[in-house]
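Participant: coordinates only, sequence not included:
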């Protein structure tokens, strides 16, 4: 048993660090540190920088422009970029559609779409949830009816993150009402410039506008845009839920969040001493840190097993639940640490106004707290994850 | 709104206090304080003292030897006796069978049994649970088959508290297998001297032997011992679960337990200071105390409503859940406070040996912690209570 | 022992609930006499019992109202009356008062006042910074605390809000506040030794905001129960899932605990044990508020965090209760100190 | 990065598991060479890595064994070896060693030693009281700590257990301990300045008991999963109830956290960051242990607290882990101090 990286892994880590020191724009890390949201341009800039080094999709195979990273390398890359305050890679193309096409896509689809993800030609978003089908994807109703060489899509998707920036959407659509509800679902690629698509932003209580409703009215999609076979969408969705989730625990985000929280709390005075010296605050901070130290190792154990080729079990569900609880705990303690500075409503909209209230670290505490309530809701709610874990261990 | 007692209630409280100062034997409070279990004799002695004043069953109507206390008086009596360290009244006759007979019993049954409960002639125990029917009473199987003027009882009861002391048992028995499972249950009074009854003690992990298995083999019980009509047992059991539970929160026990915990913790030194000055210990103590202050008022609000004649709703379930959580929290913190003194196994069996290990307040901490795991299991487990609450509010 | 309301309180409750449901304005609420209910007779009001405050603010919370009743009614009118000022006009709704007491570094410490008061021939002048002054952008009267010198008692002043450098902004969950810079700002001295009256009005404000939190919890509970009964997933109402049933049961239990904590504080607001109850109640209410906010959003799923659905606004208001008049940590420590 | 065991460790794990399942005695365990696995080569053993301790004690825990391997192997042999003594006989199972270090008032403070050592012409004599000395009633060798004077370093002595006033008693969850009164008891000085070796052996003992706790958790988990699958109520296996499913899922998550915490400590036991990991691991393991004990009993219902069913004994042992080598509160405070 050895908790250290191998010499090769250390060398890779150093390589990533050196690259970040050289190439990560300070403008972007500053924005991240202040909790200000990134623009589409910011994301594109960072993607292009990574792609120039071949690291935008390092876990893809080399023949498709990746590096063939194993789970440990991928983990190292994620930890280093997060620790350096780099923007996260927008996941929809690189982390979600890419692996789906690699596993289930036709050669033509791979040849067409994968390079366009890497070079930024296409910006993808995800069309899974519907108003009546959040955690219960099997009951989705957005339907695609075959009409010659096309599917005609009608219905509504919701919670489409960054849909306002996207020019393509991958959707789960109903292609059959026969059999079990999950048997009639297909995975479809849709160009958002197709007539009949409308995107409406949803404003959230933190003031953000990152999620959207997407409406489809008689949208004609070429049959060639079907991924895998018709009615195979459930298999594809499940694949994404259990594979390709090395970062599901969000250890990097949690570590960076905890570090930021500590910095901020040290600067808040509480009855004449730094808040970090209030024993009750210190206790809550310590409990989070102790839990995070363990979760980081749980995560590494899973990563290490994945790198050794072991099939994923309920571990990704366990990491999702614990990881989101911890991150929300950090967000809550940051809101607590902000004290009265949590009161001003400082939404994204105020960003440019340069008139934020209170010390820098406190300004986004409340908005982040509310925004990250989503962590335990989306990507399979924590209740659904616990159902999955229980099913796997109880075998009932 | 007024949180003080009325002058009449204050006078009653003072009367109870004066009586306790005069009549509560120090020998019994000493035993209680040291956490030593009471013998059958101890219980009988205390019951007799209370009965001499007419206070053993103060909530019974006056014509049956009670005082007709309302819920507030009853609450005052319970709080005062607990605070004084008096033994609890063994509930099976006075608190359980008594109210059942008063509500459902025949005149003959009332005339025969009620005085014998008061004067200590009969010691009752409860035969509800079975090995396959704990929280799920409807599935009980111990059966009573009519044979002339008798029922013939066969089967097994378990978790029969203090059954080893009892000479009578009231049982839920199956008298019909028709209809819904709960429809074929009857409430039967059984003299434990009847041939065919065997009592076997169950040893618990704290070393105690307070619960028992009771086995019935062709036990002949006169039909006159049926309470209410045949197959009416479920109604009677439900009546007991929602009525007659003024003390279900255990505020008195919790208050006494918290006071004992504080006394004990003050005497434990932790790195050169009393444990109560360890801020992390103090925080847990404070959280318990704050919760208890609120629960005491929740309890009073329910008591006050009951005294005003309001029908009980899901409140008793709410008090049961919160009350047991709090008492178990106190028990856990007492075990923590005991520190290394929690390690010696100090069971009841050692009681007489006069060789207990460690400071007095610490000696029973571990045993009490384990013994009181039962609080959230018996009398309708906390899971069952939450089902009841949810059903009442969600009306689904 | 009596937990029921008086007939007058019940009328107030009914009237206020009806008024707020139909979008009651500041003037309408004042006209109903609500502000006067917050002060006792000896201070010019006609209420002022703990239970009066509880009734009023539970309704404010239930409606999710952001009327600045705490600021004008409890703090403002309370301090003016304690300083011997006539408050008839205030009770009639003729003024909106903000209290500029907290400062950028004071967090929840009432005693932390670095703003300096200097007296010269023209009268008093104040210099310093005041922070998150709730309702200041709308205030017609502004009360300001300052010290003539280090370690001197805190003194209470009035300043003309129009004469001020005031930077207003919206608050999370509704209402507004401002950062205020005082730079030799002319002021009128109201009371030289205001520590006790500040402690007293803040204790009452803590009761008020705790009752408001309780009202918010009740509304959120109702919304959530309704959602559990109507929203369907996996082919049945989500309220049929045992995990959500039990979570809702636990919420209900904790909301009852919060109600009892508010009752306790209301019953002890004029007793020597007041401060210990302030600490206990605010701590418990803060803990329960967090649970209610997080669990109700979780049970709603995504819709719980959208602006168009009512839960979000109520949840934000409830979550902000922990950031005024001391949070759970602050009051936990206070409770430990006061229990020692 | 490699979380797998070596071939030797896997053999040790398999062998020990088989041996303990068939009721392995002290002699059999010693003969297998298990005690030697707890010490590194430079101290006379042939193991001693953090992962060696983890493997051994996870099996001890899994079996619910009360063999005093921590006392003889980790503390006893560890201290003797550190003091330059030959431990071949101990590693071969030829001795049972108890360490009399804690005193009635020491709680979890390693530095609290009031027992006094005095040297005269006949040699050293010790006077004081030692408390909850685990396995002392069965020990053939007894190590005792004392100070020659206030503030002097702690010195390590050996005392003949037969010459002692020793009051033995059983421990919750198995094993025995004793209260020991020393009254000018003759003793042999082993090491004059033993603070560092005490800290070191106690860090290793904390790893050992944390791994033991992990093994206990695994056994309790297995029992509980089995119970949920087979026990029927309301007409179906209780594992079909969503509330119990989710509680079991949460237990599983927390047990994985405990495993990672033990891995962390095993991996840092010989690094400068050792003490911070000792505190983190023991705190986390204590928290998880409480959850596992209480939830597993609750899910079992009444049978969970009966002596005849295996859960009770395992739960008692697991619950007692928090009372040796510092509890969750102690290590929380240590972690905060070490993180500052």
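Facilitator: Looks like it came in fine. Everything quoted here is computed from the prediction, not taken from an experiment.

Participant: strands paired with the helix or strand that contains residue A:190, and their directions?
Facilitator: Using DSSP states H and E, residue A:190 sits in strand A:185-191. Looking at strand A:185-191 with DSSP bridges, its partner strands are strand A:168-174 (antiparallel), strand A:226-227 (antiparallel).

Participant: which of those sits most buried?
Facilitator: Greatest average neighbour count among the strands paired with strand A:185-191 goes to strand A:168-174 (a mean of 25), per mean count of other C-beta atoms under 10 Å in any protein chain shown. Every residue, glycine included, has its C-beta placed from N, CA and C.

Participant: how about residues contacting that strand?
Facilitator: Under the contact criterion C-beta atoms under 8 Å, 6 or more residues apart in numbering or on different chains, strand A:168-174 has outside partners A:92, A:96-97, A:100, A:122-128, A:137, A:140-144, A:151, A:153, A:155, A:157, A:160, A:163, A:184-192, A:214, A:227, A:233, A:237.

Participant: quick check: buried residues in the strand holding residue A:190?
Facilitator: A:185, A:186, A:187, A:188, A:189, A:190 (16 or more other C-beta atoms under 10 Å in any protein chain shown).

Participant: surely the second one and residue A:144 touch.
Facilitator: Yes. With the criterion set as C-beta atoms under 8 Å, residue A:186 and residue A:144 qualify as a contacting pair; they are 6.4 Å apart.

Participant: what residues are shared contacts of the two?
Facilitator: Contact criterion C-beta under 8 Å, 6+ apart; residues bridging residue A:186 and residue A:144 by contacting each: A:173, A:174, A:175.

Participant: quick one: residue C:301 and residue A:383 touch, right?
Facilitator: No. Using C-beta under 8 Å, residue C:301 is not in contact with residue A:383; the gap is 9.5 Å.

Participant: which residues do the two both contact?
Facilitator: residue A:135.

Participant: may I ask which helix or strand of chain C has the lowest mean pLDDT?
Facilitator: The weakest-scoring helix or strand in chain C, judged by mean pLDDT, DSSP states H and E, is strand C:232-233 (a mean of 89).

Participant: ignore what I typed, I meant chain A.
Facilitator: Ranking chain A's helices and strands by mean pLDDT, DSSP H and E puts helix A:233-242 last, a mean of 87.

Participant: give me the neighbour count for residue 204.
Facilitator: By default, I'm working from chain A. 24 (other C-beta atoms under 10 Å in any protein chain shown).

Participant: look at chain C instead
Facilitator: Residue C:204 has 25 nearby residues by other C-beta under 10 Å.

Participant: now the stretch 201-340 of chain C against chain A: closest residue?
Facilitator: Per C-beta to the nearest C-beta, residue C:312 is where the stretch 201-340 of chain C lies closest to chain A, at 3.6 Å.

Participant: give me the pLDDT value at that residue.
Facilitator: According to the prediction, residue C:312 has pLDDT 95.

Participant: which non-adjacent residue is nearest it?
Facilitator: The shortest distance from residue C:312 to any non-neighbouring residue, by C-beta to C-beta, 6 or more residues apart in numbering or on different chains, is to residue A:205 (3.6 Å).

Participant: give the contact list for the one you found.
Facilitator: Taking C-beta under 8 Å, 6+ apart as the criterion, residue A:205 is in contact with A:370, C:305, C:306, C:307, C:312, C:313, C:315, C:316.

Participant: how about a cut-off of 6 Å?
Facilitator: A:370, C:305, C:307, C:312, C:316 (C-beta atoms under 6 Å, 6 or more residues apart in numbering or on different chains).

Participant: unless I'm mixing things up, the third one is touching residue A:202, no?
Facilitator: No. The criterion here is C-beta atoms under 6 Å, and residue C:307 misses it with residue A:202 at 8.0 Å.

Participant: settle it for me: which of the two has more neighbours?
Facilitator: Taking neighbours as other C-beta under 10 Å, residue C:307 and residue A:202 compare with residue A:202 leading, 20 against 16.

Participant: and that one, what is it in contact with?
Facilitator: Counted by C-beta under 6 Å, 6+ apart, residue A:202 has contacts A:211, C:306.

Participant: show me the contact partners of stretch A:75-86.
Facilitator: A:12-13, A:16-17, A:20, A:24, A:29, A:32-33, A:58, A:246-247, A:252, A:256, A:303.

Participant: now stretch C:180-197
Facilitator: C:79, C:82-83, C:100, C:124-130, C:133, C:153-159, C:165-166.

Participant: so which bits of that stretch are buried?
Facilitator: Result for stretch C:180-197 [16+ other C-beta under 10 Å]: buried residues C:180, C:182, C:185, C:187, C:189, C:190, C:191, C:194, C:195, C:197.

Participant: average pLDDT for it?
Facilitator: Computed over stretch C:180-197, the average pLDDT equals 97.

Participant: just to revisit the earlier point, give me the buried entries from the contacts of residue A:205.
Facilitator: A:370, C:305, C:307, C:312, C:316.

Participant: residues from the stretch 1-150 of chain C in reach of chain B?
Facilitator: Contact residues, the stretch 1-150 of chain C versus chain B (C-beta under 6 Å from any C-beta of the partner chain): C:1, C:2, C:3, C:51.
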